[in-house]
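Asks: When you get a sec, could you give me coordinates for this:
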Amino acid sequence: MLLTRIKGPRDLDRLSQEELVQLSAEIRSFLVDAVSKTGGHLGPNLGVVELTIALHRVFESPKDRILFDTGHQAYVHKLLTGRQDFGGLRTKGGLSGYPSRAESEHDVIENSHASTVLGWADGLAKANEVLGRADHHVAAVIGDGALTGGMAWEALNNIAAAKDRPLVIVVNDNERSYGPTIGGLANHLATLRTTDGYERFLARGKEILERTPVVGKPLFETLHGAKKGLKDFIAPQGMFEDLGLKYIGPIDGHDIEALESALQRAKRFSGPVIVHCLTQKGRGYTPALEHEADRFHAVGVIHPDTGLPVKTAAASWTSVFADEMVKIGHERPDVVGITAAMLHPVGLNKFAEAFPERIYDVGIAEQHGATSAAGLATGGVHPVFAVYATFLNRAFDQVLMDVALHKCGVTFVLDRAGVTGDDGASHNGMWDMSILQVVPGLRLAAPRDAEQLRAQLREAVEVKDAPTVVRFSKGVVGPAVPAVGRIGGMDVLRAPAPEVTRPDVLIVSVGALAPMCLEVADLLDKQGISSTVVDPRWVKPVDEALAPLAEQHRVVVTVEDNGRAGGVGSAVSQALRDAGVDVPLRDFGIPQRFLDHALRKEILAEIGLTAPNIARQVTGLVAKLDGRLDSEPAAAVD
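Replies: Okay, the predicted model is just below:
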């Protein structure tokens, strides 16, 4: 096999065009076989095989910097840079599903949030200029989906300002992000794809421009002062050239020879150049091509021949939300949905099918989505913006200054909250309950099971004068955790025995960690330590009944699937201080560090967020209060 002979990018130089075609086929076969066993981003990588080969033949990595926006399409790059052991892909100790500096000197950007690559490229090109590295080049690969993000256009505005600073921008145009790319830019790129020459555009130009939504041509005229004329009827690439960017394309993204020729021309140019490549997501794998929703953007373990899942998935948190949103939609005609290019991953596809006139896909533009939601709320409807927890970080200013400041009734639904595991540091939703604590008036719910998710989503959309947030975990929803009582707005999940006058420990359980907290209580009980377990349901603001309840216990323990700094534990501690309740508090959560990719349960064990570890530490704390710690060790808890 040719692939086994590729130990680094320069090994590609010795291959003929015929051998490169053979190598492309081998890579696709390898990816289908490997990713079907582990899960991962299959469709995007099948679409960039020839493009990645061409990039590494034209540019000299790592001297030249080859950058990938988002990074989920970097599997081929890994194969060509000496990493062909995919057996442990996205598992502990195995290859990351994204570029990783720890793995290779060829990897530059680890952050897998979209639309950032052009900012990186701008900075790296400036560094080359400052340090006089004229023989160093920067090539940034960005998808048409990522170009819907505002950061990309902020970077383009700066890149275009330096007409003599070399930088190659490769637009990987497959008409998709997760699903089909939407918006004015998508329409423009579609026009570029179908350009056949002067006569055709002269006849159709006026019609095309008249059909372009307001977000298209007029937006760029306003932002960049572009004065478009007849040349836009002839060559739609004028949009890029009016920004000061030379344009090459469209190029067949599966023709290595054509790609190399275009990239060589771009490399020789002394300023910024866009190379527009047309690729096919899922290319070469029929099950992916036939999967209209996302062309196998990301898959679990599948049968390689059929593309069907090996295991039937149980009900997920996302599916529970999806079904309840449809029910709410039927009852509330004022409820609308918003997604940032992730209709299916966040579960709004069912709502979109039922109410196509009440769903808005803003593209990879979380900031715009949040502010647009404020406008929708001000206009009299109630928007539900569903987004991965890690991606809401990008819209913090808009949540604070547009939604909260104006007391807008917007509900943010945060999918994949807490430790997500195999996608690595950038996808763990461990920041939301910390950063949202500082937002005045915002109310934040953390449901513990499916029933509570349904109930708290309904409670959230009833709020008209403040932002609400409902956050839940990735994956399968756990069993129902019934309440045995209610104190204030909090559910009591476990009460101490009636004869206990002052229980030892109050355990404040946050969200899906309720079963773990009940296990902690069982382990403590075996040590003769009494406890109460409560679920606040709404963790922001802190329930007024919590401080009086805490005063009735000797120790307070908070357990959350969020960073410890500024999280629920910190908020509870402050609430107790404000109420003058002087009770020792121990907060358990995620340490403030970037967590390597691994299974969720492996990460929780590594950071000590397990029932035995928590029970062991609480046992030691109670022993210290009893004065037993110095005289005898605390009993082991298994």
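
Asks: Can you show me the strands along the stretch 251-400 of the chain?
Replies: 272-278, 335-339, 359-361, 382-388 (DSSP state E, counting those that start in this stretch).

Asks: Kindly reformat those as a markdown table and extend each row with mean pLDDT.
Replies: Formatted as a markdown table, these follow (pLDDT from 0 to 100):
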| stretch | mean pLDDT |
| --- | --- |
| strand 272-278 | 94 |
| strand 335-339 | 97 |
| strand 359-361 | 96 |
| strand 382-388 | 97 |
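
Asks: can you put those in JSON lines and add mean neighbour count?
Replies: Just so you know, the C-beta spots here come from the backbone N, C-alpha and C atoms, and that holds for glycine as well. Below are these laid out as JSON lines (neighbours: other Cβ atoms under 10 Å):
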{"stretch": "strand 272-278", "mean neighbour count": "24"}
{"stretch": "strand 335-339", "mean neighbour count": "23"}
{"stretch": "strand 359-361", "mean neighbour count": "20"}
{"stretch": "strand 382-388", "mean neighbour count": "25"}
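
Asks: Between those strands, which one is closest to Gln552.
Replies: Between Gln552 and the strands of the stretch 251-400 of the chain, the tightest spacing by Cβ to Cβ is seen for strand 382-388, at 38.1 Å.

Asks: what sits up against the closest one?
Replies: 321, 325, 332, 334-340, 342, 345-348, 366, 369-370, 372-373, 376-377, 395, 409-416, 427, 429, 461, 464 (Cβ atoms under 8 Å, 6 or more residues apart in numbering).

Asks: Can you list the strands that it pairs with?
Replies: Paired strands of strand 382-388, with direction, are strand 335-339 (parallel), strand 411-415 (parallel) (DSSP bridges).

Asks: For Gln452, which of these is the nearest?
Replies: Nearest to Gln452, of the strands paired with strand 382-388 and by Cβ to Cβ, is strand 411-415 at 13.8 Å.

Asks: Now render the strands paired with strand 382-388 as JSON lines, adding distance to Val76.
Replies: Formatted as JSON lines, the strands paired with strand 382-388 follow (distance: least, Cβ to Cβ, whole Å):
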{"stretch": "strand 335-339", "distance to Val76": "28"}
{"stretch": "strand 411-415", "distance to Val76": "28"}
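
Asks: closest to Ser16 out of those strands?
Replies: Per Cβ to Cβ, nearest to Ser16 of these: strand 335-339, 45.6 Å.

Asks: what's the angle from the helix or strand where Asp122 lies to strand 272-278?
Replies: Using DSSP states H and E, the element containing Asp122 is helix 117-130. In terms of direction (axes from the mean of the first three to the mean of the last three Cα atoms, to 10 degrees), helix 117-130 departs from strand 272-278 by 140 degrees.

Asks: What about the contacts of strand 382-388, which are in helices?
Replies: Secondary structure from DSSP state H places 321, 325, 366, 369-370, 372-373, 376-377, 461 of those in helices.

Asks: any idea which of these is the one closest to Ile614?
Replies: Top of the list for closeness to Ile614, among the ones in helices among the contacts of strand 382-388 and by Cβ to Cβ, is Phe321 at 28.4 Å.

Asks: so what's the closest one up against?
Replies: Counted by Cβ under 8 Å, 6+ apart, Phe321 has contacts 346-347, 386, 413, 415, 453, 457, 472.

Asks: Looking at these, state which has the most neighbours.
Replies: If you count neighbours using other Cβ atoms under 10 Å, the busiest of the contacts of Phe321 is Phe472, which has 32 neighbours.

Asks: so how far is Ala512 from it?
Replies: 7 Å (Cβ to Cβ, to the nearest Å).

Asks: Output the contacting helices and strands for the lengthiest helix in the chain.
Replies: When the chain is parsed with DSSP H, its longest helix is helix 17-38. Counting contacts by 3 or more Cβ pairs under 8 Å, 6 or more residues apart in numbering; DSSP states H and E, helix 17-38 packs against helix 43-46, helix 49-58, helix 75-80, helix 256-268.

Asks: give me that answer again for 10 Å
Replies: If contacts are counted by 3 or more Cβ pairs under 10 Å, 6 or more residues apart in numbering; DSSP states H and E, helix 17-38 sits against helix 43-46, helix 49-58, helix 75-80, helix 256-268, helix 286-289.

Asks: Run the angle between that helix and helix 49-58 for me.
Replies: Using the same axes, to 10 degrees: helix 17-38 against helix 49-58 is 120 degrees.

Asks: how much distance is there from helix 17-38 to the middle of the chain?
Replies: Relative to its parent chain, helix 17-38 has a centroid offset of 27 Å by Cα atoms, centre = their mean, to the nearest Å.

Asks: Stretch 152-172 too?
Replies: 25 Å.

Asks: rewinding a little: shared neighbours of Phe472 and Ala512, which are they?
Replies: Contact criterion Cβ atoms under 10 Å, 6 or more residues apart in numbering; residues bridging Phe472 and Ala512 by contacting each: 317, 417-418, 446-449, 452-453, 561.

Asks: Same list (those residues) but as a markdown table, adding pLDDT.
Replies: Below are these laid out as a markdown table (pLDDT from 0 to 100):
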| residue | pLDDT |
| --- | --- |
| Trp317 | 95 |
| Ala417 | 93 |
| Gly418 | 89 |
| Ala446 | 97 |
| Pro447 | 98 |
| Arg448 | 97 |
| Asp449 | 97 |
| Gln452 | 98 |
| Leu453 | 98 |
| Asp561 | 95 |
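
Asks: ranking the residues you listed by neighbours, who comes first?
Replies: Neighbour counts for those (other Cβ under 10 Å) peak at Ala446, which has 33 neighbours.

Asks: Just give the closest residue to that residue, not the sequence neighbours.
Replies: Excluding its sequence neighbours, the residue lying closest to Ala446 (Cβ to Cβ, 6 or more residues apart in numbering) is Gly511, at 3.4 Å.
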